[in-house]
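# predicted model and sequence follow; I will ask about them next.
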Amino acid sequence: MSALLRPSPLLAKTQLYINGDAATQEIVTYVPQTTQAELREATRAAESAFKTWRKSSVLTRQRVMLDLQALIRQNMDRLAHSITLEQGKTFPDAKGDVLRGLQVVEAACGIPTSLLGEKLAVARDMDTYTIREPLGVTAGIAPFNFPAMIPLWMFPLSIACGNTMVLKPSERDPGATMILAKLAEEAGVPKGVLNVVQGGVDTVNYMCDEPAIKAISFVGSDHAGKYIYERGTKNGKRVQANLGAKNHGVIMPDANKNHTLNQLVGAAFGAAGQRCMALSTVVFVGESKEWLPELVERSRKLVVTSGFDKDADLGPMITPQALKRAEDLIQSGIDEGAEVILDGRGHKPKGFENGNFLAPTIISGVKTHMRCYQEEIFGPVLVCLFVDTLDEAIELINNNRYGNGTAIFTNSGSVARKFQEEIDVGQVGINVPIPVPLPMFSFTGSRGSIMGDLNFYGKSGVQFYTSIKTVTSLWRSEDATSTQAAVNMPTMR
Ligand code: NAD
């Protein structure tokens, strides 16, 4: 059994999904649906590999992570190329995708320290200590929008903790995961420790039901995430699920205008708005709304074309369906009384007329009941709301069902502090538009943006992939000679 499940020739013919280049609609690869027999084979391989991998020394696993991080760095361009080809984001942005995942591997190199337990001499000759143990076979289910970063949130930490993994990349862009799995093999990850399977709902159902799989890491949409959380936990599995988002940027009138507008444009439209931490909603407080025309002008200048074009600021959206959904939501805003002040619909870059392109679009005068505010658009569309005070902005954001990320732009420390304290969102940026924490911390989306208690990566990630055993030991020389039985409930004195 190879570390990679290679699709059989038969499977290659029975493709479930035709994966097209989002800029041209040309087929770049066929993604097979892994069969039930192959899914069982992958899980049995992971179960069998776990027996030896769990006993590998933590220093061995650290060495593998050190080698993996070096290999990813060396293969950065190859990985980024696969991402731009399949996902469509610009080449520099694709490198960022790899880099943010690489940072998790770098953090996993510190696994000996992360797995340290606690110990206390609780009584005479008696010690209590904790041991962090791996869970067994774990599963990962990834979304399309970060084809390298999100699989790298999952498998390196899981296997560094001593688990094995069955990983399912998005059926829309599995190429980066396939390269990463090969690099993991080169770095010394033994066969069976990391297994890649393909497909859609059938594969997911298998993962939720298979008793040997002890934990599932999921990142993706609300619909799939809720389903996987419910089905997985019902079957007794530990599940961490990061879901959708609607991230608000609050603009105070005292903010640095140039910095704020540049950050806002980048965070709203970068990666064609297909980031879970994209700032897709802006709340102008008081007079800051006067900056709106300048925001429109800066957004209009962005170059929207193939991600391989050196001048591209943003590439296409992932599928024609995703484009249509975004366009429908723009239209719903108009129908409900909002105003489109920058309309990117119908954008056709020269040479890529068939691509899924939507240029930056700004909808102004949006009210909270409108569909374009209520739903995650997940495209290069910025919705704008106006309020008079910071309190109103905080209330508005706290009433939104999502709690992934938010940012405030201000020059006032006390305003920033009030915002940080009163806002009910898991990741807060202060003059930072996309505050995705580095991996010495954890990704801490909250409320409707997450299900499960343990976050991805950081200390919380290590907790997710391990369970704690607490040992109490007594080594007392006179016990060897005493004939008195101890019948009372043991108390520690
Ligand atoms: P998606 O839910 O469509 O797909 C994610 C995974 O779930 C894929 O592997 C897919 O095969 C599987 N899947 C899809 N539909 C399913 C179903 N009905 N039943 C079972 N499995 C199913 O998500 P996507 O479109 O690939 O990714 C975009 C979404 O992911 C956005 O909502 C975005 O906000 C979210 N996201 C969240 C985070 C975060 O950390 N909060 C990060 C990235 C993306």
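Right, received. Where do you want to start? Numbering: from 1, shown residues only.
# CA atoms for contacts and neighbours, from now on please.
Noted.
# what is the burial count for residue 324?
Close neighbours of residue 324, defined as other Cα atoms under 10 Å, add up to 15.
# meant to ask about residue 124
Residue 124: 11 surrounding residues under other Cα under 10 Å.
# sticking with the most centrally placed residue in the chain, tell me its helix or strand.
Geometric centre of the chain, nearest residue: residue 150, 4.6 Å, by Cα atoms, centre = their mean. When secondary structure is defined by DSSP states H and E, residue 150 falls within helix 149-160.
# hang on, the earlier thing: for the residue nearest to the centre of the chain, what are its contacts?
Contacts for residue 150 were tallied using Cα atoms under 8 Å, 6 or more residues apart in numbering; they are 101, 142, 143, 219.
# which strand residues bridge the last one?
This points to residue 219. Beta-bridge partners of residue 219, counted by DSSP bridges, are residue 242.
# the closest residue to the ligand within the stretch 51-200 of the chain: what's it in contact with?
At 3.4 Å from the ligand, residue 143 is the closest residue in the stretch 51-200 of the chain, using Cα to the nearest ligand atom. Residue 143 sits next to 150, 169, 170, 219, 220 when contact means Cα under 8 Å, 6+ apart.
# and the fourth one, what does it touch?
Applying Cα under 8 Å, 6+ apart, we find residue 219 in contact with 141, 142, 143, 150, 225, 241, 242, 243.
# get me the contact residues on the protein for the ligand.
Taking Cα under 6 Å from any ligand atom as the contact definition, the chain meets the ligand at 141-145, 169-171, 200-201, 204, 219-221, 224, 242-245, 276, 449.
# please, a PyMOL command that selects the buried ones among the residues you listed?
Command for PyMOL that selects the buried part of the residues of the chain next to the ligand, burial taken from 16 or more other Cα atoms under 10 Å:
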select buried, resi 141+142+143+144+145+169+170+171+200+204+219+220+221+242+243+244+245+276+449
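# which ones among the residues of the chain next to the ligand map onto helices?
Among those, the members falling in helices (DSSP state H) are 201, 204, 224.
# hmm, back to that, ok, the contacts of residue 150 vs residue 256, which is closest?
Among these, residue 101 lies closest to residue 256 (Cα to Cα), at 31.0 Å.
# and the residue nearest to the closest one when sequence neighbours are not counted, how many neighbours does it have?
What sits nearest to residue 101 in space, not counting adjacent residues and going by Cα to Cα, 6 or more residues apart in numbering, is residue 149, at 3.9 Å. Residue 149 sits with 23 neighbouring residues when counted by other Cα under 10 Å.
# next one: residue 477
9.
# any idea of the mean pLDDT in the helix holding residue 150?
Mean pLDDT, computed over helix 149-160, is 98.
# now stretch 410-430
The model assigns stretch 410-430 a mean pLDDT of 98.
# and what of stretch 296-313?
The pLDDT scores in stretch 296-313 average 98.
# which residues sit against that stretch?
23, 84-85, 88-91, 261-262, 265, 270, 314-316, 341-342, 349, 352, 357-360, 362.
# again, but for stretch 351-361
If you take Cα under 8 Å, 6+ apart as the criterion, stretch 351-361 is touched by 22-25, 269, 272, 299-300, 302, 304-306, 315-320, 323, 340-349, 379-382.
# narrow those to those in strands?
Using DSSP state E, 340, 341, 342, 381, 382 are the members of these that sit in strands.
# so residue 396 lies in a helix, does it not?
Yes: assigned with DSSP: H, G, I helix; E, B strand; the rest coil, residue 396 falls within a helix.
# so where's the chain shaky on pLDDT?
Counting by pLDDT under 70, the chain contains low-confidence residues at 1-20, 479-480, 492-493.
# would you map the helices across the stretch 1-150 of the chain?
Along the stretch 1-150 of the chain, the stretches classed as helices by DSSP state H, counting those that start in this stretch are 9-13, 36-53, 58-74, 76-86, 91-108, 111-114, 149-160.
# re earlier: closest one to residue 403 out of the contacts of residue 150, please.
Looking across those and measuring by Cα to Cα, the closest to residue 403 is residue 219, at 14.9 Å.
# now the contacts of residue 143 in JSON lines, with distance to residue 286?
Below are the contacts of residue 143 laid out as JSON lines (distance: Cα to Cα, whole Å):
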{"residue": "150", "distance to residue 286": "38"}
{"residue": "169", "distance to residue 286": "44"}
{"residue": "170", "distance to residue 286": "42"}
{"residue": "219", "distance to residue 286": "36"}
{"residue": "220", "distance to residue 286": "35"}
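# give me phi/psi at the nearest residue to residue 436 once chain neighbours are set aside?
Excluding its sequence neighbours, the residue lying closest to residue 436 (Cα to Cα, 6+ apart) is residue 443, at 6.7 Å. In terms of degrees, to the nearest 10, the main-chain angles of residue 443 are phi -80, psi 110.
# residue 443 reaches residue 453, doesn't it?
No: Residue 443 lies out of contact with residue 453 (Cα atoms under 8 Å); the separation is 11.8 Å.
# now for the contacts of residue 219, which pair is the farthest apart?
The farthest-apart pair in the contacts of residue 219, when distances are taken by Cα to Cα, is 150 and 225, at 14.7 Å.
# next, count neighbours for the closest residue to residue 93 other than its chain neighbours.
The shortest distance from residue 93 to any non-neighbouring residue, by Cα to Cα, 6+ apart, is to residue 271 (7.1 Å). Residue 271: 27 surrounding residues under other Cα under 10 Å.
# which residues are in contact with residue 271?
89, 90, 93, 314, 315.
# repeat the analysis, applying 10 Å as the threshold.
Residue 271 makes contact with 87-90, 93-94, 145-146, 278, 307, 313-317, 378-380, according to Cα atoms under 10 Å, 6 or more residues apart in numbering.
# same check, this time on residue 57
Applying Cα under 10 Å, 6+ apart to residue 57 gives the contacts 63, 112, 162.
# emit the PyMOL select command for whichever of those residues are buried.
Only the buried entries of these go into this PyMOL selection, using 16+ other Cα under 10 Å:
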select buried, resi 63+162
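# now stretch 348-366: buried residues?
348-349, 352, 355-364, 366.
# ok, the residue nearest to residue 101 - contacts?
Applying Cα under 10 Å, 6+ apart to residue 149 gives the contacts 94-104, 142, 176-177.
# nearest residue to residue 381 other than its sequence neighbours?
residue 361 (4.7 Å).
# now do the one you found against residue 126, distance only.
Separation of residue 361 from residue 126 (Cα to Cα, to the nearest Å): 67 Å.
# and if you look at residue 317?
From residue 317 to residue 126 the distance is 61 Å (Cα to Cα).
# more neighbours, the two?
residue 317 (29 against 15).
# so residue 460 sits right up against residue 158, yeah?
No: Residue 460 lies out of contact with residue 158 (Cα atoms under 10 Å); the separation is 12.0 Å.
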